[in-house]
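# output the structure for:
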Amino acid sequence: MTQPDGQSNTLDNLLTESRAFPPSQEFAAQANATSALYEEASADREAFWAKQAERLAWDTKWDQVLDWSNAPFAKWYVGGKL
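Numbers count the residues shown, from 1 in each chain. Below is the predicted model of the structure:
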């Protein structure tokens with residue numbers, strides 16, 4: 001079908017994808033992120049990311065996990081240096 005400006009809807013139709021390709025059980029069993037990890041992150045986002053940051057070796061530990069005071073610009077691990 002051609003639009004009034006002469007362009008075709010073909011490209012728009014190609015951008016719509018509804019198929020799903022679930023991973024095999026073997027592949028999913030090797031995943032680093034489990035459903036429990038997603039639940040932990042969902043329950044308290046900042047505590048989750050603070051815990052993840054502890055896995056890194058910080059030269060100077062951060063003072064604040066997330067500064068969202070100037071939205072939409074976020075600052076993560078404010079004051080920290082790796």
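# where are the low-confidence patches of this protein?
Regions of the chain meeting the criterion pLDDT under 70 cover residues 1-10.
# now stretch 58-73: buried residues?
62, 65 (16 or more other CB atoms under 10 Å). C-betas here are computed from N, CA, C, even on glycine.
# other residues contacting that stretch?
45-46, 49-50, 53, 74-82 (CB atoms under 8 Å, 6 or more residues apart in numbering).
# rerun that using 10 Å as the cut-off
Contact with stretch 58-73 is made by 45-54, 74-82, as judged by CB atoms under 10 Å, 6 or more residues apart in numbering.
# what's the span of it, first residue to last?
Start-to-end span of stretch 58-73 (CA to CA, to the nearest Å) is 23 Å.
# ditto for stretch 39-52
Stretch 39-52 has an end-to-end distance of 14 Å (CA to CA).
# buried ones in it?
So for stretch 39-52, counting by 16+ other CB under 10 Å, buried means 41, 48.
# and S42, helix, strand or coil?
Under DSSP: H, G, I helix; E, B strand; the rest coil, S42 falls in the helix class.
# cool, and the one 4 residues further on?
Taking three-state DSSP as the rule, one finds E46 in the helix state.
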